[in-house]
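*Asks:* Sharing a sequence plus its predicted fold:
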Amino acid sequence: MISELGNPNREVPVNETFHVQTDDELNKKELKHIEADDQAIQTILLGLPEDIYAAIDSCETAQEIWLRVQQMMKGSYIGIQ
């Protein structure tokens with residue numbers, strides 16, 4: 001299908017592809033990064049209350065989780081335990 005030039009409602013065809021990389025396809029640096037991210041995620045999850053834990057369920061990286069937790073905890077004082 002060829003779209004009309006200047007038509008803002010035209011559909012643009014996009015081929016969607018997705019490939020999950022295996023450990024064999026990753027280099028050592030990438031594997032270390034993934035392992036570190038997994039460790040960080042576990043560390044963050046261990047200290048979260050249930051309501052916040054449920055809210056970050058869709059996050060995929062430690063950074064995403066941390067940013068969402070920071071946003072949700074804004075205004076809360078967390079002292080040294």
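*Replies:* In hand now; what should we look at?
*Asks:* Tell me how many other residues crowd residue 65.
*Replies:* Number of residues near residue 65 (other Cβ atoms under 10 Å) recorded here: 23. For every residue, glycine as well, the C-beta is placed using N, CA and C.
*Asks:* Can you give me the separation between it and residue 13?
*Replies:* Distance from residue 65 to residue 13, counting by Cβ to Cβ, to the nearest Å: 35 Å.
*Asks:* center of this structure, which residue is that?
*Replies:* In the chain, the residue lying closest to the centroid (Cα atoms, centre = their mean) is residue 60, at 3.0 Å.
*Asks:* That one in helix, strand or coil?
*Replies:* Reducing the assignment at residue 60 to three states with DSSP: H, G, I helix; E, B strand; the rest coil gives coil.
*Asks:* swap in residue 71?
*Replies:* helix.
*Asks:* What residues sit buried inside whichever strand or helix holds residue 63?
*Replies:* With the criterion set as DSSP states H and E, the secondary-structure element containing residue 63 is helix 62-72. In terms of neighbour count (16 or more other Cβ atoms under 10 Å), helix 62-72 has its buried residues at 62, 65, 69.
*Asks:* now, which of those sits nearest residue 25?
*Replies:* residue 62 (21.9 Å; Cβ to Cβ).
*Asks:* pLDDT weak spots in the protein?
*Replies:* Low-confidence regions of the chain, defined by pLDDT under 70, span residues 1-6, 75-81.
*Asks:* Any chance you could list what contacts stretch 27-47?
*Replies:* Contacts to stretch 27-47, defined as Cβ atoms under 8 Å, 6 or more residues apart in numbering, come from residues 23, 26, 53, 61-62, 65-66, 69.
*Asks:* Before I go, just wanted to say thanks for your time.
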